[in-house]
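Build the 3D model from these lines:
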Amino acid sequence: QVQLVESGGGLVQAGGSLRLSCAASGRTHINYNLGWFRQAPGKEREFVAAISWSATSILYADSVKGRFTISTDNAENTVYLQMNSLKPEDTAVHYCGASRWMVKDASMYEYWGQGIQVTVAS
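Numbering: from 1, shown residues only. Modelled structure (predicted):
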């Protein structure tokens, strides 16, 4: 079992920044890659970014490249998503997920956090 807990969401003006955190725990969490997804009302869950714990493999969605940065802190067992130049279309519930594979497909993620709201006001 892998437990994931997100934090750091909130309300920000367009052009602003937020940093999301995903704290991972469990006996085998280090064997999983962690990814960030988001889901807006009425839409499917959308891939944002993913990273291996060693940070040797990183993936980004085209929509966030150059604006978002994913990183790990192995000592804290935490993955971060630094979100800069936020846009109203980034508004969504953001989820942290764990997968044995480095993939963008949400169906390949076995564990999920509870989700956290990010709202970007125009």
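
for the closest residue to Ser17 other than its chain neighbours, what are its contacts?
In this structure, Ser17 finds its nearest non-sequential neighbour in Asn84, 4.7 Å apart by C-beta to C-beta, 6 or more residues apart in numbering. For every residue, glycine as well, the C-beta is placed using N, CA and C. Applying C-beta atoms under 8 Å, 6 or more residues apart in numbering, we find Asn84 in contact with 17, 67-69.

Next step: those restricted to strands.
68-69 (DSSP state E).

Sort out which of the contacts of Asn84 are buried, if you could.
Neighbour counting with 16 or more other C-beta atoms under 10 Å marks 68-69 as buried within the contacts of Asn84.

Closest one to Ala40 out of the contacts of Asn84, please.
Comparing these against Ala40 with C-beta to C-beta picks out Phe68 as the nearest, at 16.0 Å.

Go ahead and confirm the closest one touches Tyr60.
Yes - Phe68 lies in contact with Tyr60 (C-beta atoms under 8 Å); the separation is 6.7 Å.

Give me the common contacts of these two.
The contact lists of Phe68 and Tyr60 share 48-49, where a contact means C-beta under 8 Å, 6+ apart.

Wasn't Leu20 part of a strand?
Yes - remark: Leu20 belongs to a strand, assigned using DSSP: H, G, I helix; E, B strand; the rest coil.

Neighbours of it, how many?
Residues near Leu20, counting by other C-beta atoms under 10 Å, number 24.

Repeat that for Lys43.
Residues near Lys43, counting by other C-beta under 10 Å, number 9.

Could you do Trp101 as well?
Counted with other C-beta under 10 Å, the neighbours of Trp101 add up to 12.

now the one 10 residues further on
Neighbouring residues of Tyr111 were enumerated by other C-beta under 10 Å; the total is 17.

Since that was my last question, I'll sign off now.
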